[in-house]
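Trainee: Coordinates for the following, if possible.
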Amino acid sequence: MQHIARALGLAFFISATLTGAERAVAAPPPASAGTVRSVWTLDTQSCEAGGANAFNRHPNEREVQQTGRLEVPEIGYALSIPELPWVDESVVKVRLDDRSRGLSDHYLLLSEEEFGVPYGAIVVSPMPEGMRSREHALAAAQAYERGIDKAQAPGVRFAAVAGPYGDAVEMLVPDRVGSNCFPTSAFVTAPSADGLRTFGISRFAFHDGDLLEFSLVVELPADLTEGEQVERARALMDGFWQALVPIDRRP
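Mentor: The predicted model follows:
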């Protein structure tokens, strides 16, 4: 996925004005910690369907299981593992310094199975010199997402929101499901099944030179109206993006 460089270039020319009305997101209490089954370090991450990932037990697995909190001082953030209504236990995976997009991307991934695709992800991407502003970072994120969509996911829309890291961008993707290299890979969608519909929601924020992407695939009753589904997805995301907090960064 080498298109991020073009997205970064486009950011200088893309207006920061976003479709949809601005939403001010009230700050709810941080999400309570969910149950952690295992924690892994990803040594490789395949973006191909059926591709294999190489991973090892994370050295702080027991601490994360006991506290529900994963500290990643290498990138200067800590994540409280969220408690979500459809998830019994979370498998946490950490992939640092992934260069597949031409940047140094750091992935914090949540799935229900060790070999399952993620239902949630946070990606921390330090921005290059000349791009370390909120306007440029958020415009680059929107340009990149439009590039990987390739018209395969109808109904994708963006809106301006505000949250724990200030002004941000929200992206809604109806019927999105988890996939390899989620959330930075091309969108994968699936129709409703067993009375449930999936809904992808992502928010892009900026903090201390980093572009932050928060993404969830939310399971919702299919008989809700789309407006009700959107509001439930937003309520879950309002807690999820408060689960990441800055800490002292150290090598």
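
Trainee: quick one: the helices in this protein?
Mentor: Counting by DSSP state H, the chain has helices at residues 4-11, 61-67, 134-149, 226-240.

Trainee: what's the most buried one of those helices?
Mentor: Ranked by mean neighbour count, the helices of the chain are led by helix 134-149 with a mean of 20 (mean count of other Cβ atoms under 10 Å). All C-beta atoms are positioned from the backbone trio N, CA, C, and that covers glycine.

Trainee: pLDDT of that one, averaged?
Mentor: Across helix 134-149, the average pLDDT comes to 90.

Trainee: just for the stretch 1-150 of the chain, where's the confidence low?
Mentor: By pLDDT under 70, the weakly predicted segments of the stretch 1-150 of the chain are 1-33, 48-52, 149-150.

Trainee: Kindly recompute the last result at 80.
Mentor: Along the stretch 1-150 of the chain, the model assigns pLDDT under 80 to residues 1-34, 46-53, 148-150.

Trainee: quick one on the thing from earlier: nearest approach to Ile122 belongs to which of the helices of the chain?
Mentor: helix 226-240 (8.5 Å; Cβ to Cβ).

Trainee: Who are the packing partners of that closest one?
Mentor: Judged by 3 or more Cβ pairs under 8 Å, 6 or more residues apart in numbering; DSSP states H and E, the packing partners of helix 226-240 are strand 166-174, strand 196-207, strand 210-221.

Trainee: hmm, try it at 7 Å
Mentor: The contact analysis (3 or more Cβ pairs under 7 Å, 6 or more residues apart in numbering; DSSP states H and E) places helix 226-240 against strand 196-207, strand 210-221.

Trainee: which other residues reach the first one?
Mentor: In this structure, residues lying in contact with strand 196-207 by Cβ atoms under 7 Å, 6 or more residues apart in numbering are 134, 137-138, 141, 161, 163, 165, 168-177, 183, 190, 211-222, 229, 233-234, 237, 241, 246.

Trainee: And for the last one?
Mentor: Applying Cβ under 7 Å, 6+ apart, the set of residues contacting strand 210-221 from outside is 86, 119-127, 137, 141, 165, 176-178, 182-183, 195-206, 229, 232-233, 236-237, 240-241.

Trainee: buried ones in it?
Mentor: For strand 210-221, burial by neighbour count (16 or more other Cβ atoms under 10 Å) applies to Asp210, Leu211, Leu212, Glu213, Phe214, Ser215, Leu216, Val217, Val218, Glu219, Leu220.

Trainee: same question, stretch 117-128
Mentor: Residues of stretch 117-128 classed as buried: Val117, Pro118, Tyr119, Gly120, Ala121, Ile122, Val123, Val124, Ser125, Pro126, Met127 (neighbour count, 16+ other Cβ under 10 Å).

Trainee: between the helices and strands packed on helix 226-240, which gets nearest to Arg95?
Mentor: Nearest to Arg95 among these is strand 210-221 (13.5 Å), distances taken as Cβ to Cβ.

Trainee: the inter-axis angle of that closest one versus helix 134-149?
Mentor: Strand 210-221 and helix 134-149 are oriented at 50 degrees to each other (axes from the mean of the first three to the mean of the last three Cα atoms, to 10 degrees).

Trainee: What pairs with strand 210-221, parallel or antiparallel?
Mentor: strand 120-126 (antiparallel), strand 196-207 (antiparallel) (DSSP bridges).

Trainee: Show the average pLDDT along the longest one.
Mentor: If I follow you right, that is strand 196-207. 96.

Trainee: ok, and for that strand, which residues are buried?
Mentor: Along strand 196-207, these residues count as buried under the neighbour rule (16+ other Cβ under 10 Å): Arg197, Thr198, Phe199, Gly200, Ile201, Ser202, Arg203, Phe204, Ala205, Phe206, His207.

Trainee: need these in CSV with distance to Glu74, can you?
Mentor: Shown next, in CSV, are these (distance: Cβ to Cβ, whole Å):
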residue, distance to Glu74
Arg197, 37
Thr198, 32
Phe199, 32
Gly200, 28
Ile201, 27
Ser202, 23
Arg203, 23
Phe204, 22
Ala205, 20
Phe206, 20
His207, 16
